[in-house]
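Asker: Would you be able to build a 3D model of this:
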Amino acid sequence: MKTKDLGLLSEGELIHKEKELHEELFNLRFQHATGQLENTMRIPQVKRDIARVKTILKGKAPSKGK
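Answerer: Residues are numbered from 1 along each chain as shown. As a prediction, the model looks like this:
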C-alpha cells in the first residue's frame, strides 16, 4: 500500500489496517511454516506496510509537552 494512500485514512482506520496486516502476517508465517506459501516475498511486503502504518500513526498522534 502506498504511503500517500495511508495518509488519507483516519487514525481509527489506520489502527484497523494495522490489525489486519498483523493478522495477514500471522497467516503468511503459518502458511510458510507448513509449506503452503507460494509467494514468499509477501512476508517482507506486509512487514513494510505495517511499518508504514505505524509511521503514519506516529505522525498523526498529538504531540505532548511544549
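
Asker: remind me which residues of the protein are low pLDDT?
Answerer: Judged by pLDDT under 70, the chain has its weakly predicted residues at 63-66.

Asker: Please repeat the previous calculation with a cut-off of 90.
Answerer: Residues of the chain meeting the criterion pLDDT under 90: 1-9, 59-66.

Asker: Which stretches in it count as helices?
Answerer: Under the criterion DSSP state H, helices of the chain are mapped to 3-7, 11-33, 42-60.

Asker: mind giving me a markdown table with those and columns for mean neighbour count?
Answerer: Quick note: C-beta positions are derived from backbone N, CA and C, even for glycine. Listed next are the helices of the chain as a markdown table, based on neighbours: other CB atoms under 10 Å:
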| stretch | mean neighbour count |
| --- | --- |
| helix 3-7 | 11 |
| helix 11-33 | 14 |
| helix 42-60 | 15 |
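
Asker: Need the residue closest to the centroid of this protein.
Answerer: residue 50 (2.3 Å; CA atoms, centre = their mean).

Asker: residues contacting the residue lying closest to that residue once chain neighbours are set aside?
Answerer: In space, and not counting its chain neighbours, residue 50 is closest to residue 21: 4.8 Å by CB to CB, 6 or more residues apart in numbering. By CB atoms under 8 Å, 6 or more residues apart in numbering, residue 21 lies in contact with 46, 49-50, 53.

Asker: Kindly indicate which of those lies nearest residue 11.
Answerer: residue 53 (10.8 Å; CB to CB).

Asker: need the contact list for the closest one.
Answerer: Counting by CB under 8 Å, 6+ apart, residue 53 touches 6, 14, 17-18, 21.
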